[in-house]
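> Sharing a model that was predicted from the sequence below.
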Amino acid sequence: MRPGKTALWTTLGLAAATIGVAALAPEKVLAAEFARQRLLAGAKRYAIVLDGHRWCYLDAGRTRPLRAPAVRNGLPQAIPRKPVVVLIHGFTGGKENWLPLMRQMAGHARLIAPDLPGWGDSQRRADADYGLESQVERLAGFLRALPAIVGREGPPDLLVGHSMGGQIAGLLAARHPELAPRLALMSAAGVLFEANAFGVAVQAGENPFGVLDHAQLKRYFSMVFAQPPMVPWPFSEALVQRRREDAAFEDAVLADIGRGPAAFALQRELGAIAAPTLLLWGDEDAVIDPSAMAIFQAGLADSRATLLNGCGHMPMMERTRQTAQALLDFLQ
C-alpha cells in the first residue's frame, strides 16, 4: 500500500475510533472537554474528605500576581497576596460552570470551586440529606478547612454563590459571619421575587429544570441563557444521560430549596448579614427574576448591585468578562 493511502486509512481509522468512543461513552468525551477547559483556566482538580463526605474541587490562580513589587524609598515592597475567592455553584450546576470565570480571573485571584456534596464529582450518600440546612453546615465545614487548602489562615476574601449556591452562601453569611467577611450573590435564590413561569412551576410541584431527553435539554438551555449555546453531539448526549440519572435527586433537592420550610429563610435572615454584599444579575434572568435584587437590597445592611444587559441566569458563562470585572472591582 502506498504511503498516501496508508495515511488516509490511518486517519479514517482514528476518526472511526473517535466516533465509536463518542457513541459508546459520551461521558468520556465530555470529561475530555472539561479537562481541556481546566487546562485553559490553569485549574487543577483535588479532593478532600470532610465529615464523611468526599468533596471534589477546582483550584486555579495558585501563582503570584504578575505585577512587579512596588518600590518605595528605594526599597522593594512585598508583593501583595492574591485574594482567595470561593465559588459555589447552583441547582443542577457544578464546579465546571465556573471554568470560564476562573480562566478570566486566575491572574488576579486564587479561586476555589467545589462540587457541593451530592453534586458533580463530590460524594452522594443514600443516607444523607442534601437540603439547605445540611448544605449550609457542610459549606461551613469546607470553609473552616480552607486554610489547609490555600496555605494561609482566615476565611476567603470573597464568597460567591450562584442561584441555589447564593441561597446557601447567604444563609451561611447570616449564621457564620466569621466565615464570609465579603459576599457576592449571583442570581441568588431564597427570596419571594415577582412571579415568573419558573417560580410558578416550582411552587406547583414541578421541576422546570428537569431533563430526560434532548428536547428538554434544549428547553433547559433556553431557560438559563438569554442566548442559548449550541451544544453538539456527543456532549448533548452526555448531558442528557447525566441529568436523567440525577432526576430523582434533583426533584428531592428542588422540593426542599424551592418549597420546603427553609425555602425563604434567607429573606427572613437578611438582616443578620453584616458582610458587604455584591448583587449580580442578568436583566433577562428567566429563573430568578431580577426583581429579587430589590428584596435583597431592602434587607441587607451593606450592598451594591450590578445588572448585566442581555444576560440570563448564568452571568459567569454568558457575560464572563463583565462578571469578572464586577467581582474584582468589589474586592478592591
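Structure's in. What do you need?
> How many residues are close by residue 38?
Per other Cβ atoms under 10 Å, the neighbour tally for residue 38 reads 19. All C-beta spots, glycine's among them, are computed from the backbone N, C-alpha and C.
> Quick one: residues contacting it.
Shown in contact with residue 38 (Cβ atoms under 8 Å, 6 or more residues apart in numbering): 44-45, 58, 99.
> Any of those residues buried? List them.
Buried by 16 or more other Cβ atoms under 10 Å: 58, 99, out of these.
> other SSEs contacting the helix or strand containing residue 220?
Following DSSP states H and E, the helix or strand that holds residue 220 is helix 214-224. When contacts are defined as 3 or more Cβ pairs under 8 Å, 6 or more residues apart in numbering; DSSP states H and E, helix 214-224 sits against helix 235-245.
> Where does the prediction get shaky in the chain?
1-24, 64-80 (pLDDT under 70).
> Do a quick rundown of the helices in it.
Along the chain, the segments classed as helices by DSSP state H run 3-24, 26-41, 99-105, 132-144, 146-150, 164-175, 197-203, 214-224, 235-245, 247-254, 265-269, 292-299, 315-318, 320-331.
> centre of the chain versus the shortest one, how much separation?
Okay, so that is helix 315-318. 10 Å (Cα atoms, centre = their mean, to the nearest Å).
> which residue is nearest the middle of the chain?
Residue closest to the mean C-alpha point of the chain, counted by Cα atoms, centre = their mean, is residue 89 at 2.7 Å.
> check contacts around residue 34.
Neighbouring residues of residue 34 by Cβ under 8 Å, 6+ apart: 96, 99.
> ok, now the one 10 residues further on?
Applying Cβ under 8 Å, 6+ apart to residue 44 gives the contacts 38, 58-60.
> Tell me the one of those residues nearest residue 150?
Ranked by distance to residue 150 (Cβ to Cβ), the contacts of residue 44 are led by residue 59 at 8.1 Å.
> That closest one pairs with what?
Counting by DSSP bridges, residue 59 is bridged to residue 44, residue 112.
> how far away is it from residue 44?
Residue 59 sits 6 Å away from residue 44, going by Cβ to Cβ, to the nearest Å.
> Would you check that my belief about residue 169 contacting residue 159 is correct?
Yes - assessed by Cβ atoms under 8 Å, residue 169 is found in contact with residue 159 at 5.2 Å.
> could you measure the residue lying closest to residue 303 once chain neighbours are set aside against residue 125, distance?
The shortest distance from residue 303 to any non-neighbouring residue, by Cβ to Cβ, 6 or more residues apart in numbering, is to residue 277 (4.5 Å). Separation of residue 277 from residue 125 (Cβ to Cβ) stands at 32 Å.
> And for residue 221?
Remark: distance between residue 221 and residue 125 (Cβ to Cβ) = 30 Å.
> Among the two, which residue is more densely surrounded?
Taking other Cβ under 10 Å, residue 221 and residue 125 do not tie; residue 221 has more neighbours (19 against 12).
> what sits against that one?
228-229, 231.
> Give me the neighbour count for residue 167.
Counted by other Cβ under 10 Å, the residues lying close to residue 167 total 31.
> Who are the contact partners of the nearest residue to it once chain neighbours are set aside?
With sequence-adjacent residues excluded and distances taken as Cβ to Cβ, 6+ apart, residue 167 is closest to residue 190, at 3.8 Å. Neighbouring residues of residue 190 by Cβ under 8 Å, 6+ apart: 166-167, 170-171, 263-267.
> For residue 190, give me the backbone phi and psi.
The phi/psi pair for residue 190 (degrees, to the nearest 10) reads phi 110, psi 0.
> same thing with residue 180?
Phi and psi for residue 180, reported as degrees, to the nearest 10, are phi -140, psi 80.
> Could you count how many residues lie near the closest residue to it other than its chain neighbours?
Counting by Cβ to Cβ, 6+ apart, residue 173 is the residue found nearest to residue 180 once chain neighbours are left out, at 4.0 Å. Per other Cβ under 10 Å, the neighbour tally for residue 173 reads 28.
> quick one: contacts for residue 173?
Residues counted as contacts of residue 173 (Cβ under 8 Å, 6+ apart) are 159, 179-180, 183, 273, 275, 277.
> That's all I had, so thanks and see you.
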